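In: Everything below, folded, please.
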Amino acid sequence: MMKRPHIFAEWPARRELATRPGHYNSGDGQWVTHHSWLAQLLPYIEQQTMSDQLDFNNSAGGHAPFVGTTNTNRDIGGIDLSLARCPSDGDAERETPDLAPTNYVASIGNTGCTLPWGCAISTIEHSPGAPPDGVMYIASQVKMRQVTDGTSSTTAVSECLIGRPWVVRTGNPALAESILAGTEPDVDSNVGTGGRGQWWLFAARNQEWTFTTRIAPNDPLTSNQEPEVYSMLGYFAARSNHPGGVHVTFLDGSTHFIGDSVDILVWRAMGSQSGEEVVSR
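Out: Sure thing, here's the model as predicted:
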């Protein structure tokens, strides 16, 4: 039996801290290190050596260490992880030279929020708002028994296009909704933030590691730009270069090709873990 990586034994207290409003950006915020779901899977995808070199006690972003005096995470995050790339997007270039990107992103459901206590469209990231309704979010502790919609009907992972579409950061709820409606003028760069899938290791800003089922796969209305409403709230569609849809892995481990024309209500039902919807593929 494969030994579980040391991080799982050390993290319960940190996850518990991270679920308390006010502890995320305060003095206890050091406990949220933002290692991605891919980083935590490394021992199970024949990357034990890389996992051993990561410092799970410090920021995955390689910022000033919380513990000790060194942090090699940024160096590890610059190593291309072949399993994190889709051949159909093989010509995508790194947005930042020292950051290795990924095409595979986690489902956060429909609310666009990755904070356990919820997000509001506000400059205050721990103000009250709709909490995540998917299974993947910061400090998530969702267990299989809590997925009452069924693991075969609940999304876990899908695809994104590296660096596309452009990301617009805004604190204006009306602007975010206009972007989602496709009524905003086109932009030609990321506005005040980083791009889609730009870093496989770091799970902080939504565009780097998530997709939402609020927006249909390969949604044409947001094909130019999608909104990040400050770091932990944002709406980013599953996207691919495959004709007609995207590949989606569900919680039961099965992978299905979901067409762009999927009924939006069905797609949103797939994103929630306990919405009590009936899903038929």
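In: CA only for contacts and neighbour counts going forward, please
Out: Will do.
In: Low-confidence regions, the stretch 1-150 of the chain specifically.
Out: By pLDDT under 70, the low-scoring segments of the stretch 1-150 of the chain are 1-32, 66-68, 120-129.
In: All the strands of it, in order from the start?
Out: 104-107 (DSSP state E, counting those that start in this stretch).
In: Now do the contacts for residue 189.
Out: Going by Cα atoms under 8 Å, 6 or more residues apart in numbering, residue 189 touches 166, 167.
In: Based on its surroundings, how many neighbours for residue 130?
Out: 17 (other Cα atoms under 10 Å).
In: Can you classify residue 247 by secondary structure?
Out: Classification of residue 247 using DSSP: H, G, I helix; E, B strand; the rest coil returns strand.
In: Can you tell me the closest non-neighbouring residue to it?
Out: Nearest non-adjacent residue to residue 247, counting by Cα to Cα, 6 or more residues apart in numbering: residue 257, 4.5 Å away.
In: Identify the residue nearest the geometric centre of this protein.
Out: residue 210 (2.3 Å; Cα atoms, centre = their mean).
In: list the contacts for it?
Out: By Cα under 8 Å, 6+ apart, the residues touching residue 210 are 105, 106, 107, 108, 236.
In: The residue nearest to residue 247 looks like it's in a strand, true?
Out: Yes. Under three-state DSSP, residue 257 sits within a strand.
In: Surely it is in contact with residue 244?
Out: No. Residue 257 is beyond contact range of residue 244, at 9.1 Å (criterion: Cα atoms under 8 Å).
In: hang on, isn't residue 222 packed against residue 179?
Out: Yes. Applying Cα under 8 Å, one finds residue 222 in contact with residue 179, separated by 6.7 Å.
In: quick one, what contacts the residue nearest to residue 247?
Out: Contacts of residue 257 were listed using Cα under 8 Å, 6+ apart, and they are 245, 246, 247, 248.
In: I figured residue 254 hits residue 154, correct?
Out: No. The pair residue 254 / residue 154 is not scored as a contact, 10.5 Å apart, by Cα under 8 Å.
In: ok, the two, which is more surrounded?
Out: A count of neighbours by other Cα under 10 Å puts residue 154 above the other of residue 254 and residue 154, at 28 against 13.
In: That one and residue 146, how far apart?
Out: Residue 154 sits 11 Å away from residue 146 when distances are taken as Cα to Cα, to the nearest Å.
In: Now do the shared contacts for the two.
Out: Common neighbours of residue 154 and residue 146, counting by Cα under 8 Å, 6+ apart, are residue 273.
In: burial measure for residue 83, as a count.
Out: Using other Cα under 10 Å, residue 83 has 12 other residues around it.
In: residue contacts, it?
Out: Residues counted as contacts of residue 83 (Cα under 8 Å, 6+ apart): none.
In: ok, so what distance separates it from residue 273?
Out: Taken as Cα to Cα, the span from residue 83 to residue 273 is 26 Å.
In: Kindly report the same for residue 211.
Out: Going from residue 211 to residue 273 by Cα to Cα gives 15 Å.
In: The two - which one has more neighbours?
Out: residue 211 (31 against 28).
In: From what I see, that one and residue 110 are in contact.
Out: No. Contact between residue 211 and residue 110 fails when scored by Cα under 8 Å: they sit 9.1 Å apart.
In: which residue ranges form the helices in the stretch 51-200 of the chain?
Out: Secondary structure of the stretch 51-200 of the chain, counting by DSSP state H, counting those that start in this stretch: helices at 73-76, 173-181.
In: Go ahead and produce CSV holding the CA coordinates of the last one.
Out: Backbone C-alpha positions of helix 173-181 (Å, rounded to 0.1, in the frame of the first residue of the first chain) are rendered in CSV as follows:
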residue,chain,number,x,y,z
PRO,A,173,-20.8,43.4,-9.7
ALA,A,174,-22.5,45.0,-12.7
LEU,A,175,-19.3,44.8,-14.8
ALA,A,176,-18.8,41.1,-13.8
GLU,A,177,-22.4,40.3,-14.9
SER,A,178,-22.0,42.3,-18.1
ILE,A,179,-18.8,40.3,-18.9
LEU,A,180,-20.8,37.0,-18.3
ALA,A,181,-23.5,38.3,-20.6
